[in-house]
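A.B. asks: Quick check, what structure comes out for this input:
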Amino acid sequence: MQPRIPATVITGFLGAGKTTIIRHLLQQAQGRRIALIVNEFGDVGIDGALLKGCNDEACRPGDIVELANGCICCTVADDFIPTMTALLERPERPDHIIIETSGLALPQPLIRAFNWPQVKAGVTVDGVVAVVDGPAVLAGQFAADPRKVEILRKADVNLDHESPLHELFEDQLRAADLVILHKADLLSVAQVEELTTRLQREVRDGVRIIPASRGEIAPQVLLGLGAAAEDDIDNRPTHHELAGEADHDHDEFVSFAADLPALPSREALQAAVEETLRSHPVLRLKGFAALRGKPARLAVQAVGPRLEMWFDRPWRADEEPHTQLVVIGLKGMDEQAVRAQLRAALDAAHTTAAEG
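C.D. replies: Model prediction:
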């Protein structure tokens, strides 16, 4: 019998930096053949496309699988089990499997899925890694924008600990074998120590909390934990299980993809996105854009007030340059208003460019 393949489950709230950490891991794979399963919450697999651009032998396109049909913990039978089975049946099996969950996924149901007979025989959960957005948590948030927390607190501030965001955060920490306190470069030494102490109260005994910045974590820290988490799932109960509830839902969140016309400039896109973030309860916005006269694809990542844009790779000869943004927000967000605002801002930029 072949030895079981170790798998690492990487969880974390929206914009915590999971993709950045995985990109760095793949670039430092040192000969390991790593299969990557990306669970994208939006209608379009943006995170998977970002990771495919890492230009490293460890993340060849055939080793990357996107599960874009919704939260991985809700589609275990339909998506995850068949994907794992297919990986195990490949002639050249991976040395390690990395699973990036959606920012909204509960890790516990996914861990339980590793006990399915067709998976358990070939794979073990080497470890569950929770990525925490340090500056956000320090400010009492989980999605990096205080406006979103205020929306959840509006009815009664005393119910803050019952909010869906807090429950999800608790579940990620309770399931973790390792916690990455990310974006530590944006914190002081005292703040890192404060957060580490706070987080230590939420995790199980023996779980380490490691500060990191820009995804720079050595593979030997993330891999080889040997946790066999699927055999320890009863010690990682969810908030709902502790409350005697069996099911969960994601009705608190909405997601959609916005297709936009060709953009006149990077500045025009930045202005449109920033205005949209100010005007609507958007938790996260991400995607790719085509700029007129530019041969490269512009990647866009916005979390709360932070907006990043960079050219990640040239457009391939077999693809038509296009702009597509995935918007993730709280329930009640007006999808049509968000689409209209993005288009109106870009139309204004087109008019300004034409007049100039």
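A.B. asks: List the neighbouring strands of the biggest strand by length in the chain plus their orientation.
C.D. replies: In the chain, with assignment by DSSP state E, the single longest strand is strand 123-133. Taking DSSP bridges as the criterion, strand 123-133 pairs within the sheet with strand 5-12 (parallel), strand 178-182 (parallel).
A.B. asks: so how far is the longest one from its chain's centroid?
C.D. replies: The reference is to strand 5-12. Distance, stretch centre to chain centre, for strand 5-12: 13 Å (CA atoms, centre = their mean, to the nearest Å).
A.B. asks: Which strands border the helix or strand harbouring residue 299, and is each parallel or antiparallel?
C.D. replies: Of the helices and strands defined by DSSP states H and E, residue 299 is found in strand 296-303. Note on strand 296-303: by DSSP bridges, its sheet partners are strand 282-289 (antiparallel), strand 306-314 (antiparallel).
A.B. asks: from these, which stretch is densest packed?
C.D. replies: Counting by mean count of other CB atoms under 10 Å, strand 282-289 has the highest mean neighbour count of those, with a mean of 24. Any C-beta I mention is one placed from the backbone N, CA and C, and that applies to glycine too.
A.B. asks: hang on, the earlier thing: and the strands paired with strand 123-133: which comes nearest residue 344?
C.D. replies: Each of these was scored for nearness to residue 344 using CB to CB, and the closest is strand 5-12 (33.2 Å).
A.B. asks: Give me the angle between the helix or strand just after the closest one and strand 123-133.
C.D. replies: The C-terminal neighbour of strand 5-12 among helices and strands, as given by DSSP H and E, is helix 18-27. Using axes from the mean of the first three to the mean of the last three CA atoms, to 10 degrees, the direction of helix 18-27 lies 130 degrees away from that of strand 123-133.
A.B. asks: Quick one: neighbours of the closest residue to residue 209 other than its chain neighbours, just the number.
C.D. replies: Spatial nearest neighbour of residue 209, excluding adjacent residues (CB to CB, 6 or more residues apart in numbering): residue 179 at 4.5 Å. By other CB atoms under 10 Å, the residues close to residue 179 number 25.
A.B. asks: got it, and the one 5 residues further on?
C.D. replies: Residues within reach of residue 184, counting by other CB under 10 Å, total 20.
A.B. asks: out of everything not next to it in sequence, what's closest to it?
C.D. replies: Nearest-residue entry for residue 184: residue 211, 3.7 Å, with adjacent residues in sequence omitted and distances by CB to CB, 6+ apart.
A.B. asks: The one you found: what's it in contact with?
C.D. replies: Residues in contact with residue 211 (CB atoms under 8 Å, 6 or more residues apart in numbering) are 134, 180, 181, 184, 187, 192, 196.
A.B. asks: In CSV: the residues you listed, plus pLDDT and distance to residue 308.
C.D. replies: As requested, the contacts of residue 211 are arranged in CSV below (pLDDT from 0 to 100; distance: CB to CB, whole Å):
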residue, pLDDT, distance to residue 308
134, 93, 17
180, 96, 19
181, 96, 20
184, 95, 18
187, 95, 18
192, 96, 22
196, 95, 26
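A.B. asks: List buried residues within those residues.
C.D. replies: Among the contacts of residue 211, those scoring as buried are 134, 180, 181, 184, 187, 192, 196 (criterion: 16 or more other CB atoms under 10 Å).
A.B. asks: List the contacts of the first one.
C.D. replies: In other words, residue 134. Each residue near residue 134 by CB under 8 Å, 6+ apart is listed here: 181, 182, 183, 184, 186, 187, 191, 192, 195, 211.
A.B. asks: so of the residues you listed, which ones are in helices?
C.D. replies: Under the assignment DSSP state H, those contribute 191, 192, 195 to helices.
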